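Undergrad: task: produce atomic coordinates for the following.
(chains A, B, C and D)
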There are 2 protein chains.
Amino acid sequence: MDAGEQTVPVWLRERRAGVGRPAERSRAEVTAAAITLADREGLAAVSMRRVAAQLGTGAASLYRYVASRDDLLDLMADEVAAGYNLPTPGGPWLTGLLEVCRQGRELMLRHRWLPELVLTRPTLGPHGVDLLEHVLAVLAEHPADTAHKMEAFAIMNTLTAALALNELSTTSGTRHRQGAYLAHAVAAGQHRHLAAALAGASLVPAAPAERFEDTLSKILTGLLGAA
Amino acid sequence: MDAGEQTVPVWLRERRAGVGRPAERSRAEVTAAAITLADREGLAAVSMRRVAAQLGTGAASLYRYVASRDDLLDLMADEVAAGYNLPTPGGPWLTGLLEVCRQGRELMLRHRWLPELVLTRPTLGPHGVDLLEHVLAVLAEHPADTAHKMEAFAIMNTLTAALALNELSTTSGTRHRQGAYLAHAVAAGQHRHLAAALAGASLVPAAPAERFEDTLSKILTGLLGAA
DNA sequence: ATCGTTCGCGAACAGTGTTCCCGAATGGGT
DNA sequence: ACCCATTCGGGAACACTGTTCGCGAACGAT
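TA: Residues are numbered from 1 along each chain as shown, chains lettered A, B, ... in the order given. This is a model prediction of the structure:
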């Protein structure tokens, strides 16, 4: 009967009543296994078969808990968002927002697969909604209208993810590819300003945490006005 | 002999001299076919087999022009970046940067798969380097140091992609899923501020182009100071 | 005509997400 | 105690995917 229910998000499709054989695992267990796997071997390693193996079951069984792999990814992202430790709002709004960003960055450095998920499928699950509620609370006294506050929330999250991703690529080897071609392009002669810029100081500045907060502080101030 | 050359980016691995059987196609042709396919059916449809079919050849032949699918994606992104029409720098820097953002947004609305690529694999190819050179030229008189200018460039691109992605999801059906759960969460009672916010005006404001430029203008001003 | 080299690409490999369909397990109703 | 609707577990299969191997064909230079 429920043919076109695919439009309903994951979080609204929950367990039915206690009739029939009881499930041996839970959606939370599946999500946790996927997160463990992603932490250890990256997002690409999160295949249905490998998650199932991690749980000691067959791949097809996972579909009792999750409608698709994409569902599972959404669940992973929202589950990590449970890690925010949100203080009761109070004090200047900029301080409150920066604290959210700071914690977001730490979550993303701890789970290196998160930025990609946040950037490409910005979905709001239960914990994401809680986060949004908190941000709106922090901005309660702020004169901006709703649309601007929502936009600030989205930009905050996106930028936190993008900066974290950038920071992570600096650590791993991904970045060297870019540097190699950049050097080549500069050596080729064109690109006057680029050559001048690269002649200066190092491109990887120290104290990424401070730089991160400084950057986001400036951007949020630009978006919402001075505190 | 060249065992570990995989670290070299795509753009440095070019065609050798004219010895042996000449190639029937070119790297540019392969890239163009992939772009056509992505424009018509999305990024997921860009598989080696389908790109090859589009060209009327076998899948394995593509590896004569491209080392991997990821290479092909990098080529696609940089090829589209050739579409920037960069005016000779002059006038206020903010105007110059906003013009770059405006063109970026249009490219991304024309190629709906671009934002995802820009966000998840921010690689600089030849045209990307040209763009960076242009931005540095626009900022030539600006007092900020190199690191800050580079960061501004990265943030500009990321944000353009993120806002474009958001704009695209508003059009397609992806967004309704989120709305559905948001409504559910609000109806559940908690989330005081969220309920108040959603009681206000519509969430999808009109005139996205103006809003886009306004937002980026504020952010760039916050980052680099008032013009 | 021969040789070194490159190209095209069918076939195969190891993996993927997902669906089908089965037998097994369960708990409520009688 | 039995039955039976209902759910769960999961092997097998399908339609794909990216990538490698190796062979025959095509060329430029000698």
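
Undergrad: these two touch, right, residue A:112 and residue A:167?
TA: No: in this structure, residue A:112 sits apart from residue A:167 without contact. The criterion is CB atoms under 8 Å, and the distance is 10.0 Å. Heads up, the C-betas are built off the backbone N, CA and C, glycines and all.

Undergrad: name the SS class of the nearest residue to residue A:85 once chain neighbours are set aside, please.
TA: The spatial neighbour of residue A:85 that comes closest, neighbours along the chain excluded (CB to CB, 6 or more residues apart in numbering or on different chains), is residue A:103 at 6.7 Å. Judged by DSSP: H, G, I helix; E, B strand; the rest coil, the three-state class of residue A:103 is helix.

Undergrad: pretty sure residue A:103 is touching residue A:87, no?
TA: No: assessed by CB under 8 Å, residue A:103 is found out of contact with residue A:87, at 10.0 Å.

Undergrad: which one of these two has more residues nearby?
TA: residue A:103 (17 against 13; other CB atoms under 10 Å in any protein chain shown).

Undergrad: list the residues that contact the more buried one.
TA: Residue A:103 is in contact with A:83, A:84, A:85, counting by CB atoms under 8 Å, 6 or more residues apart in numbering or on different chains.

Undergrad: and the strands in chain A?
TA: Assigned by DSSP state E, the strands in chain A number zero.

Undergrad: then the least confident helix or strand in it by mean pLDDT to PDB, C-alphas only?
TA: Of all the helices and strands that make up chain A, helix A:174-187 has the lowest average by mean pLDDT, DSSP states H and E, namely a mean of 82. Output in PDB follows, covering the C-alpha atoms of helix A:174-187 (Å, rounded to 0.1, in the frame of the first residue of the first chain):
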ATOM      1  CA  THR A 174      47.000  14.600  -1.200                       C
ATOM      2  CA  ARG A 175      48.300  18.100  -1.100                       C
ATOM      3  CA  HIS A 176      51.700  17.500  -2.700                       C
ATOM      4  CA  ARG A 177      50.100  16.800  -6.100                       C
ATOM      5  CA  GLN A 178      48.800  20.300  -6.200                       C
ATOM      6  CA  GLY A 179      52.000  21.800  -5.000                       C
ATOM      7  CA  ALA A 180      53.800  19.900  -7.700                       C
ATOM      8  CA  TYR A 181      51.700  21.400 -10.500                       C
ATOM      9  CA  LEU A 182      51.600  24.800  -9.000                       C
ATOM     10  CA  ALA A 183      55.400  24.900  -9.000                       C
ATOM     11  CA  HIS A 184      55.500  23.700 -12.600                       C
ATOM     12  CA  ALA A 185      53.000  26.400 -13.600                       C
ATOM     13  CA  VAL A 186      55.000  29.100 -11.900                       C
ATOM     14  CA  ALA A 187      58.300  27.900 -13.500                       C
END
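
Undergrad: and the most far-flung residue of chain A relative to its centre, backbone torsions?
TA: Of all residues in chain A, residue A:189 has its C-alpha farthest from the mean position, at 39.3 Å, by CA atoms, centre = their mean. Geometry field for residue A:189 lists phi and psi as phi 110, psi -50, criterion degrees, to the nearest 10.

Undergrad: so which other helices or strands are in contact with the longest helix seen in chain A?
TA: Residue-count comparison of every helix in chain A, with assignments taken from DSSP state H, identifies helix A:146-171 as the longest. In terms of contacts (3 or more CB pairs under 8 Å, 6 or more residues apart in numbering or on different chains; DSSP states H and E), helix A:146-171 is packed against helix A:93-110, helix A:114-120, helix A:126-138, helix A:208-224, helix B:146-171, helix B:192-199, helix B:208-224.

Undergrad: I appreciate the help and will end here.
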